[in-house]
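[1] Predicted model and sequence follow; I will ask about them next.
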Amino acid sequence: MAEPVAEPVTDPASVTVDRALVDRVALLARLRLTDDESTAMTAHLARMLELVDHLAEVDDPAASPYTGPAGATRPLREDEPRPSLPVAEALRNAPGLAGAPEDEGAFRVPAVLE
C-alpha cells in the first residue's frame with residue numbers, strides 16, 4: 001500500500017498541529033498510537049511548537065545564527081583509483097553465496113520485498 005505524499009512545508013508558521021498531522025507523523029515513524037495517545041500527542045506537539053515560536057521571539061544580539069552542518073565544509077582528499085578488496089576475500093565470511101553462475105561474486109541475502 002502506497003503512503004500518501006504530503007506537500008512540502010514552505011512556511012513553518014503555516015503548519016497547524018491537528019490530529020491528522022500527528023497521525024501522519026506516526027505513520028511515517030512507524031508508530032502505533034492509540035486514540036488516546038494520538039490525542040495527547042496532538043496537545044504535546046502543539047505546546048512544543050508554541051515554545052519554539054516563543055524562543056524565536058527572543059532578541060539576543062550575542063546569539064549568532066545557527067550554521068550547522070549544512071554550511072560546514074570539510075577538506076576532501078583527492079579521488080585516486082586504487083585496488084579494491086579481492087572478491088574471494090570479501091566473500092570469505094559471507095553466510096551464503098549465490099550459486100548460479102550469473103550470481104558469481106554476489107552475497108545471498110534474505111528477501112526484503114514481497
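    Looks like it came in fine.
[2] Next, the distance between the ends of stretch 73-84.
    Start to finish, the residues bounding stretch 73-84 are 28 Å apart (C-alpha to C-alpha, to the nearest Å).
[3] what's in contact with stretch 44-52?
    Stretch 44-52 is contacted from outside by Val15, Val17, Leu21, Val22, Val25, using C-beta atoms under 8 Å, 6 or more residues apart in numbering. Every C-beta, even on glycine, is put in place using the N, C-alpha and C of the backbone.
[4] Please pull up the helix or strand immediately following the helix or strand harbouring the last one.
    Per DSSP states H and E: Val25 is located in helix 19-28. Proceeding N to C from helix 19-28, the next assigned helix or strand is helix 35-56, under DSSP H and E.
[5] Any idea which of the contacts of stretch 44-52 the model trusts least?
    Confidence by pLDDT is poorest for Val15 among the contacts of stretch 44-52, given 77.
[6] now that one: how far from Ser84?
    Applying C-beta to C-beta, to the nearest Å, the value for Val15 to Ser84 is 47 Å.
[7] Same check on Glu50?
    Taking C-beta to C-beta, one finds Glu50 at 53 Å from Ser84.
[8] quick one: which of those two has more around it?
    Taking neighbours as other C-beta atoms under 10 Å, Glu50 and Ser84 compare with Glu50 leading, 11 against 8.
[9] Quick check, central residue of the chain?
    With distances taken as C-alpha atoms, centre = their mean, Ala29 lies nearest the centre of the chain, 9.3 Å away.
[10] Let me know the pLDDT of it.
    Note for Ala29: predicted pLDDT of 93.
[11] same thing with the one 10 residues further on?
    Reading off the per-residue confidence, Thr39 sits at a pLDDT of 94.
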